[in-house]
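>>> Need a 3D model of the sequence below.
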Amino acid sequence: MKDELCVAISDSEIRVATDTYPSETRDFIICKQTPGGLQQLNPIELLGTDMAVRILKYAASTHDEDLAQQNALSRLLTQCLEYRGNRRHLICEPWTEEDLRGDTMFENNRTQFARECGVKQAQRFQVVMSGEQKCDLPSDDLYWGSFTTLPQVEDTFTDVELQRFADQMQHLVAGAGDADVTLEVTGMRRRVKAAWDNQFNDFDLDTPKRDRRSLFKRLMSVAIRQTSNLTERIAYALVLKSLGSTALQRDQPTFSEREKKLFELRYGNCEALGKINIGFLYEYGELHAELINQFANSLIADKQDVAWRQAETDLRHHVQLLDELRELRRFVRADQRKSTRDRRARKLPHPRVDAGTGNQADSKATPPDQNLFDIEMMNELKRVVDRLKPGDRMRAQALIDAGGDRGLAAKSLGLERGKFNAQFRQTVRPNLKKEMQRREREEGE
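From the prediction side, this is the model:
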């Protein structure tokens, strides 16, 4: 995203183009009048309009002042999102259907374990796309867990420390002034980057210095959610103005159900995209673009509602497969690291072992490589067990204490093995996977 997306735009420059399709569904496209003609605006550009400032000031005068201040800060922080390098926050890489089928797993790694993971991914592709198994994760967790390095989306500043951090961030990026149309993006990004590099050392917080970047990520998560709502309100006000309406209540029947979904996809908090809009997506590849376009086209097509519901399901299935693919890739990378360690270890001199001393290796023991997946899972479990909820933590700790033996773990909790396995599969493993992903993203920062 370029800085010129955030320059001031007066209402006199705004035009709303309305396309009406055979299904009688209207698509509202907000544009800017330029000497060369109409230029479609990225949804985030709406934050730099006169309408954005009026809405923020109106909210501050008639609603919760603290919430209005949060929205004003979110408007600024959204301009500071990173899109490249190790700290990019949103869509991270393009991906293809060949990736989701597991076809590229072995090509990229060339190990036997990668080949086996590719086969497993191909099997999962068939199961998920056939609809035989549904993902129980909410759309928010699924979409954000697959694409972003930010934590799960939050709606507001939920604790005192986050509010303190937000207040000091407000002074950092904009001082104590009121909302202004002109957003000086380059300077804001420079100041935020400097604070990030210094781990926000100059902030007056109780949070340890090593944890302040995580606090910043939570703040950015709030900013994106609130900004998605704000861009929708701005766009809605501009559309109503173009239609000649003076009412700004969202509950009025201005849009049909399909028009509302299409509008949320463009400017609001679309459920299918994890409650963000297309303005936040950046360099996400042809397949993802095609899936989003299919969803949009199904909303305007003169077909039954089952068509757009199926398109929404297809998008969800692909995101679910991407989530599973990245988990397998993580294990493949762990296998590569282990292989590298083993090769280096073999170069060291081996101690001499005399026959008959009883110190020889047991030839009947299972080679470690055969249990690599379980070993890696146990190691990850030990690293994140303290981050799990109490119930999951109890079952996970029992498994750790039992050395990975589920029978012993079940016995220690007074459960049958089958019941323990079911609980572990249904609750512990999904939550464990999310915590592992969050930990990996935090370490990647």
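
>>> tally of neighbours for L215?
Other residues lying near L215 total 19 when counted by other CB atoms under 10 Å. To be clear about C-beta, it is placed using only N, CA and C from the backbone, and glycine gets the same treatment.

>>> before we move on, what about N109?
Using other CB under 10 Å, N109 is surrounded by 18 other residues.

>>> Could you measure from the nearest residue to it once chain neighbours are set aside over to K338?
The shortest distance from N109 to any non-neighbouring residue, by CB to CB, 6 or more residues apart in numbering, is to V332 (5.3 Å). Distance, V332 to K338, by CB to CB, to the nearest Å: 11 Å.

>>> what about these two, which has more around it?
Neighbour tally, V332 and K338, criterion other CB under 10 Å: the higher count belongs to V332, 21 against 16.

>>> Okay, strands next: where are they in the protein?
14-20, 26-34, 37-40 (DSSP state E).

>>> mind giving me JSON lines with those strands and columns for distance to N108 and mean pLDDT?
Compiled in JSON lines, these are given as follows (distance: least, CB to CB, whole Å; pLDDT from 0 to 100):
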{"stretch": "strand 14-20", "distance to N108": "42", "mean pLDDT": "92"}
{"stretch": "strand 26-34", "distance to N108": "39", "mean pLDDT": "92"}
{"stretch": "strand 37-40", "distance to N108": "37", "mean pLDDT": "90"}
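
>>> deepest of those, which one?
With neighbours taken as mean count of other CB atoms under 10 Å, the strands of the chain reach their highest mean count in strand 26-34, at a mean of 17.

>>> which other helices and strands contact that strand?
strand 14-20, strand 37-40, helix 212-243, helix 257-267 (3 or more CB pairs under 8 Å, 6 or more residues apart in numbering; DSSP states H and E).

>>> Pull out the buried residues from the third one.
Looking back up the chat, that one is helix 212-243. 212, 215-228, 230-240 (16 or more other CB atoms under 10 Å).

>>> centre of the chain versus it, how much separation?
Centroid separation for helix 212-243 versus its chain: 16 Å, with CA atoms, centre = their mean, to the nearest Å.

>>> So which elements touch that helix?
Judged by 3+ CB pairs under 8 Å, 6+ apart, the packing partners of helix 212-243 are strand 14-20, strand 26-34, helix 50-62, helix 65-78, helix 160-174, helix 257-267.

>>> Select the helix or strand of the protein having the lowest average pLDDT value.
When each helix and strand of the chain is scored by mean pLDDT, DSSP states H and E, helix 372-384 comes last, with a mean of 64.

>>> Name the single longest helix found in the protein.
In the chain, assigned by DSSP state H, the helix with the most residues is helix 305-346.

>>> Off-centre distance for it?
With CA atoms, centre = their mean, you get 15 Å for helix 305-346.

>>> how close does the residue nearest to Q320 when sequence neighbours are not counted get to L315?
If the residues on either side of it in the chain are set aside, Q320 comes closest to C135, at 4.6 Å by CB to CB, 6+ apart. As for C135, its distance to L315 is 12 Å (criterion: CB to CB).

>>> quick one, which of the two is more surrounded?
Per other CB under 10 Å, whichever of C135 and L315 has more neighbours is L315, with 20 against 17.

>>> got the contact list for that one?
With contact set as CB atoms under 8 Å, 6 or more residues apart in numbering, L315 has these partners: A272, L291, I292, Q294, F295.

>>> Can you pull the residues that touch both of V332 and K338?
Common contact partners of V332 and K338 (CB under 8 Å, 6+ apart): none.

>>> thinking again about what came up before, in TSV: the helices and strands packed on strand 26-34, plus distance to L77.
Shown next, in TSV, are the helices and strands packed on strand 26-34 (distance: least, CB to CB, whole Å):
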stretch	distance to L77
strand 14-20	24
strand 37-40	24
helix 212-243	4
helix 257-267	19
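
>>> Low-confidence stretches in the stretch 301-445 of the chain?
Scanning the stretch 301-445 of the chain with the threshold set as pLDDT under 70 gives 345-377, 440-445.

>>> hmm, try it at 50
For the stretch 301-445 of the chain, residues meeting the criterion pLDDT under 50 lie at 357-373.

>>> Give me the most central residue, the protein.
W144 (2.1 Å; CA atoms, centre = their mean).

>>> doesn't G274 make contact with that residue?
Yes - W144 lies in contact with G274 (CB atoms under 8 Å); the separation is 5.1 Å.

>>> For A409, which residues are in contact?
R395, A398, L399, D401, A402, F420.

>>> Which pair of the residues you listed spans the longest distance?
Among those, the pair separated by the greatest distance (CB to CB) is D401 and F420, at 13.2 Å.

>>> where does the stretch 51-200 of the chain dip in pLDDT?
84-88.

>>> sorry, back to before: show me which of D401 and F420 is the more surrounded one.
The neighbour count for D401 versus F420, taken as other CB under 10 Å, is higher for F420 (22 against 12).

>>> quick one, what contacts the more buried one?
R395, R406, A409, A410, L413.

>>> hmm, 6 Å instead?
Contacts for F420 (CB atoms under 6 Å, 6 or more residues apart in numbering) come out as A410.

>>> Tell me, how many residues neighbour the nearest residue to L262 once chain neighbours are set aside?
Residue nearest to L262 in three dimensions, not counting chain neighbours: L299, with 4.8 Å by CB to CB, 6+ apart. Counted with other CB under 10 Å, residues neighbouring L299 total 26.

>>> Likewise for E132?
Number of residues near E132 (other CB under 10 Å) recorded here: 8.

>>> please renumber so the chain begins at 404
From this message on, residue numbering opens at 404, which makes the last subject E535.

>>> how close does it sit to V419?
For E535, the distance to V419 - CB to CB - is 44 Å.

>>> Can you verify my assumption that the residue nearest to N512 contacts Q515?
No - between V735 and Q515 there is no contact under CB atoms under 6 Å: 10.6 Å.

>>> Make a markdown table out of the contacts of L718 and add neighbour count.
Converted to a markdown table, the contacts of L718 look like this (neighbours: other CB atoms under 10 Å):
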| residue | neighbour count |
| --- | --- |
| A675 | 21 |
| L694 | 21 |
| I695 | 19 |
| Q697 | 17 |
| F698 | 24 |
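
>>> Return the member of those nearest to Q526.
Checking these against Q526 by CB to CB gives L694 as the nearest, at 21.7 Å.

>>> Report pLDDT for that closest one.
Per-residue pLDDT puts L694 at 90.

>>> Tell me how far the closest residue to it other than its chain neighbours lies from T499.
Nearest non-adjacent residue to L694, counting by CB to CB, 6+ apart: L718, 4.6 Å away. From L718 over to T499 the distance is 15 Å, taken as CB to CB.

>>> Same question for Y424.
Taking CB to CB, one finds Y424 at 30 Å from T499.

>>> ditto for S701
S701 is 22 Å from T499, where distance means CB to CB.
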